[in-house]
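> I need the structure of the sequence given here:
(2 chains)
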Amino acid sequence: MLDDQLSLSRRRFLSTTALGVAAASASLAMPSFPRAQNAHVKVGLLHPVTGALSYSGQQGRIGATMAVEEINTAGGIKALGGAKIEPMLGDAQSTPEGGTAEVEKMNAADVSCIIGGYASSICLAVSQAAARYDLPYVVDVGVADSIVTRGLKNTFRFSPGFGVITKTALDNLTIINGQAGKPAKTVIIVHEDSLFGSGLAKLLNAQLPPKGFEILETIPHPTPTRDFANVVLKIKAQNPDLVIPANYYNEYVLLARTMQEQHVRPKGIYSVLGGAASSYKFVKEFPDAAKYVMDCNHWFNPKSAKAQELKKNVEDKGQFFTYELYLNYSAVLLVADALERAASADRVKLITALENSTFASPIMPYGPTKFVNGQNQGAAPVNTQVLDNDIKVILPPEFASAKPVFPVPT
Amino acid sequence: MLSPLILCSVVLNGLMVGAVYALVALGLTLIYGVLHIINFAHGALLSAALFAAFFAYQKLGLDPYLAAILLAPLFFAFGYALQRFIIGPASHGDDRNMLLVTLGLAVLIENALLCAFRADTRTVELAYGFRTIDFGFTFLAVPRVISFATVFVMALALWLIMILTDTGKAIRAVAKEKLGAELAGIDVAHIYALAFGLGTACVAIAACVLIPTYYVNPMAGNAFVLVAFTIVVLGGMGSVPGALIGGLVTGVVESLGGFFFGESLGQLGIFLIFIAVLLVRPRGLFGAST
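The predicted structure follows:
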């Protein structure tokens, strides 16, 4: 951390005063950089740290900077003579325009690569802006499939996209329901009414009936919604076996709380990319409402010692170990690995290295890394369930740390 | 599925939500009625009050309802100071400037909260947070029933202050005729600040009754403010009973609209009312004719 602060303050000095240049080069720069041109690799870390998405953005930033610190402490990029990664922090301000503006700044500062984006809409804008400069861009979270299907050579996504996640979610739902003797037949979908929730609801409406589920109702709601009493009333009146929520954290929590309050207990709550369903914060703050909630989402490999160590480090800092955090952590490791392979900070060489990357993440429960059109084919979500006040992986079996509890015991 | 019982539950839910809207609107209408400015900082102040209630519980172990007794005077003082020393002097007596100053304050407060507490959404867990009253056909959460009662007590108290006390008379005088009031020896700057302080105290109480069932983050207050503006127009600007009735009506309309047309369209009803009131009865249900 101290290193970063020093280099940051030095950068400001350089850009403002000549005195600063003299002072910095004399007191800081000279002794520590024997090979000045390779001493640092600039990497842009771009997250929406202010505005509506700021919580997620800040979590993402923590993950990315933790990875940078670890790499630097472990001796930097060895293929570049131990060059340290110099993070350039950017704020997308929770808007695509904010993201684009930061790309311009980062390009002007000559970064080798940009990591981050978080929201699909920001990732779409950032990837396009970065493509103009052949600037490699690694998406941290953004799940929209269009991010990687537009043929942009510079854009890579290590984590799974929407299509893969929903397919896995539906397959796993069928498996879980099948194993329990098919107790769930009827479904109510509660979704937020922007791109993410509506898209998901549409997909579920098309794909659930062929799998033997009857959709009783699809209830949209805006973000923010202040009150879920009526939604829950509708759920209560129709008494579905399954409730599938697709919304962001606050609404998810309000919905779950209201269901608990109104004594609505379906056989299961099953979410896809659920806003709170696999959040330690939700489990800690509302253990009763969160109990037995299932989710298909990004998750770390619970059997990896490295992942557990990272989780402990994060929790020791008083932060929650959220998906934004470890996805960004992994994205930085991916880029560091590509820098080693490329043995260069050159943008074009870095893109080639990313295209051919076989980086194995020590954190994520993914298959072998293989990028096709910028999408990592090994990326996959897992199913989790809140059990014993903890979040356990229940599927796929090779990463599972518990068996699904379904239907919910009454 | 449309049984009268469900309809009853929907209306009851609407009344519960409407009560909270009314509480937020009470503060706003007071400020509007006297200062004739639209207080853009209202949402940010609500967020700040939610944080205050949250930390009173978290750090001092104060139950939110008890915290209201402490926070209301605190926020009154804060609001008073804000108007007296910042908004008043900065706007040089021009209403348009006041509007911009409150907008600036909103940005400032929100970002100060963001800077201090991050965008993290927080909630308090109270022993009675999930306790409900069983009506046979529906369950009402105890905290919501308490907030419903609080609104009536608050509205009554404010109304009595306005009607019975000298301060209330002075506030009404300033609202009606600023220059005349000044000539009659009323300290207008003081009354302005007093009205702003009262409005802010309302926000503090609203935050305290909200926190047991809602969440807090630096943007949380904004969810209520747009609706509160509608209520102020609906009930009549500056009218205490107007804010109360307006809040309840809005809550029920939103609830019924949401139930029949989906939550996304539920809020449409509110704004349809807003437009209709502006067209048919621009001074609002209880607004004084000008």
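> from what I can see residue A:313 touches residue A:66, true?
Yes - judged on C-beta atoms under 8 Å, residue A:313 makes contact with residue A:66 at a distance of 7.3 Å. Just so you know, the C-beta spots here come from the backbone N, C-alpha and C atoms, and that holds for glycine as well.
> average pLDDT across the helix or strand containing residue B:264?
Assigned by DSSP states H and E, residue B:264 falls within helix B:263-280. For helix B:263-280, mean pLDDT rounds to 83.
> is chain B contacted by whichever strand or helix holds residue A:205?
Taking DSSP H and E as the definition, residue A:205 sits inside helix A:195-207. No - using C-beta under 8 Å from any C-beta of the partner chain, helix A:195-207 stays clear of chain B, with a minimum separation of 9.9 Å.
> Tell me which helix or strand comes right after that helix.
That would be, after helix A:195-207 and using DSSP H and E, strand A:214-221.
> how about the residues of the stretch 151-290 of chain B that lie near chain A?
Where the stretch 151-290 of chain B comes near chain A, counting by C-beta under 8 Å from any C-beta, the residues are B:213-215, B:217, B:219, B:223-224, B:255, B:258-259, B:262-264, B:266-267.
> ok so, going back, go through the helix holding residue B:264 and flag the buried ones.
Of all the residues in helix B:263-280, those buried under the rule 16 or more other C-beta atoms under 10 Å in any protein chain shown are B:263, B:264, B:266, B:267, B:269, B:270, B:273, B:274, B:277.
> Can you check what angle separates it from helix A:195-207?
Computed by axes from the mean of the first three to the mean of the last three C-alpha atoms, to 10 degrees, the angle separating helix B:263-280 from helix A:195-207 equals 130 degrees.
> what does helix B:263-280 rub up against?
Here helix B:263-280 makes contact (C-beta atoms under 8 Å, 6 or more residues apart in numbering or on different chains) with A:193, A:219-222, A:225, A:230-231, B:227, B:230, B:233-234, B:249-250, B:253-259, B:261, B:284-285.
> List buried residues within those.
A:193, A:219-222, A:225, A:230-231, B:227, B:230, B:233-234, B:249-250, B:253-259, B:284-285.
> Of those residues, which belong to strands?
A:219, A:220, A:221 (DSSP state E).
> Low-confidence regions, chain A specifically.
Low-confidence segments of chain A (pLDDT under 70): A:1-38.
> domains of it?
A:33-160+A:304-376, A:163-297+A:382-395 (automatic domain parsing).
> Let's have those domains in JSON lines, adding distance to residue B:92.
Converted to JSON lines, the domains of chain A look like this (distance: least, C-beta to C-beta, whole Å):
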{"stretch": "domain A:33-160+A:304-376", "distance to residue B:92": "31"}
{"stretch": "domain A:163-297+A:382-395", "distance to residue B:92": "36"}
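> nearest to residue B:101, of these?
Between residue B:101 and these, the shortest separation by C-beta to C-beta is 22.2 Å, and it involves domain A:33-160+A:304-376.
> Can you give the distance of that closest one from its chain's centre?
Distance of domain A:33-160+A:304-376 from the chain centroid (C-alpha atoms, centre = their mean, to the nearest Å) equals 11 Å.
> re earlier: could you export the helix holding residue A:205 as CSV, CA atoms only?
C-alpha atoms of helix A:195-207 as CSV (Å, rounded to 0.1, in the frame of the first residue of the first chain):
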residue,chain,number,x,y,z
LEU,A,195,-32.2,-5.1,-18.8
PHE,A,196,-30.9,-7.6,-16.4
GLY,A,197,-34.1,-8.6,-14.7
SER,A,198,-36.4,-8.4,-17.7
GLY,A,199,-34.0,-10.3,-19.9
LEU,A,200,-33.7,-13.1,-17.3
ALA,A,201,-37.5,-13.2,-16.9
LYS,A,202,-38.0,-13.5,-20.6
LEU,A,203,-35.5,-16.4,-20.8
LEU,A,204,-37.1,-18.2,-17.8
ASN,A,205,-40.5,-17.8,-19.4
ALA,A,206,-39.3,-19.5,-22.5
GLN,A,207,-37.2,-22.2,-20.9
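> Only the buried residues of that helix, if you could.
A:196, A:197, A:198, A:199, A:200, A:201, A:203, A:204.
> what's the first-to-last distance across stretch A:207-217?
From its first residue to its last, stretch A:207-217 covers 15 Å (C-alpha to C-alpha, to the nearest Å).
> And that stretch, what's buried?
So stretch A:207-217, judged by 16+ other C-beta under 10 Å, has buried residues A:208, A:213, A:215, A:216, A:217.
> Pull up the gap between residue A:186 and chain B, please.
Here the criterion is C-beta to the nearest C-beta, to the nearest Å. By it, residue A:186 lies 14 Å from chain B.
> Just give the number of residues close to the closest residue to chain A within the stretch 101-250 of chain B.
Relative to chain A, the nearest point of the stretch 101-250 of chain B is residue B:119 (3.4 Å; C-beta to the nearest C-beta). Residue B:119: 22 surrounding residues under other C-beta atoms under 10 Å in any protein chain shown.
> so what's residue A:260 up against?
Contacts of residue A:260 (C-beta under 8 Å, 6+ apart): A:286, A:288, A:289, B:130.
> Any chance of TSV for those residues, columns secondary structure?
Formatted as TSV, those follow (DSSP: H, G, I helix; E, B strand; the rest coil):
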residue	secondary structure
A:286	coil
A:288	helix
A:289	helix
B:130	coil
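> just those now: which is nearest residue A:243?
Closest to residue A:243, out of all of the contacts of residue A:260 and judged by C-beta to C-beta, is residue A:289, at 12.4 Å.
> Can you give me the neighbour number for that closest one?
23.
> do the same with the one 3 residues further on
Residue A:292 has 17 neighbouring residues, counting by other C-beta under 10 Å.
> Strands along the chain, start to end?
Went with chain A since none was named. Counting by DSSP E, the strands of chain A are A:40-47, A:84-91, A:113-116, A:137-139, A:155-157, A:186-192, A:214-221, A:242-246, A:268-272, A:294-297, A:371-372, A:375-376, A:382-387, A:390-395.
> My question was about chain B, not that one.
Secondary structure of chain B (DSSP E): strands located at B:132-134, B:139-141.
> Which residues of the stretch 51-200 of chain A lie near chain B?
A:52, A:53, A:54, A:55, A:57, A:58, A:193.
> so who does the spatially closest residue to the fourth one that is not a sequence neighbour touch?
Looking back up the chat, that one is residue A:55. Closest residue to residue A:55 apart from its sequence neighbours, by C-beta to C-beta, 6 or more residues apart in numbering or on different chains: residue B:119 at 4.1 Å. By C-beta under 8 Å, 6+ apart, the contact set of residue B:119 is A:50, A:53, A:54, A:55, A:57, A:58, B:217, B:218, B:219.
> Format the residues you listed as JSON lines; extra columns: distance to residue A:349.
Listed next are the contacts of residue B:119 as JSON lines, based on distance: C-beta to C-beta, whole Å:
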{"residue": "A:50", "distance to residue A:349": "34"}
{"residue": "A:53", "distance to residue A:349": "33"}
{"residue": "A:54", "distance to residue A:349": "35"}
{"residue": "A:55", "distance to residue A:349": "36"}
{"residue": "A:57", "distance to residue A:349": "30"}
{"residue": "A:58", "distance to residue A:349": "32"}
{"residue": "B:217", "distance to residue A:349": "43"}
{"residue": "B:218", "distance to residue A:349": "42"}
{"residue": "B:219", "distance to residue A:349": "43"}
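> Specify which member of those residues is nearest to residue A:142.
residue A:53 (11.3 Å).
> How about the contacts made by the closest one?
With the criterion set at C-beta under 8 Å, 6+ apart, residue A:53 makes contact with A:94, A:118, A:119, B:119.
> Now do the phi/psi pair for it.
phi -100, psi 20 (degrees, to the nearest 10).
> Roughly how far does it sit from residue A:275?
Note on residue A:53: its distance to residue A:275, by C-beta to C-beta, to the nearest Å, is 12 Å.
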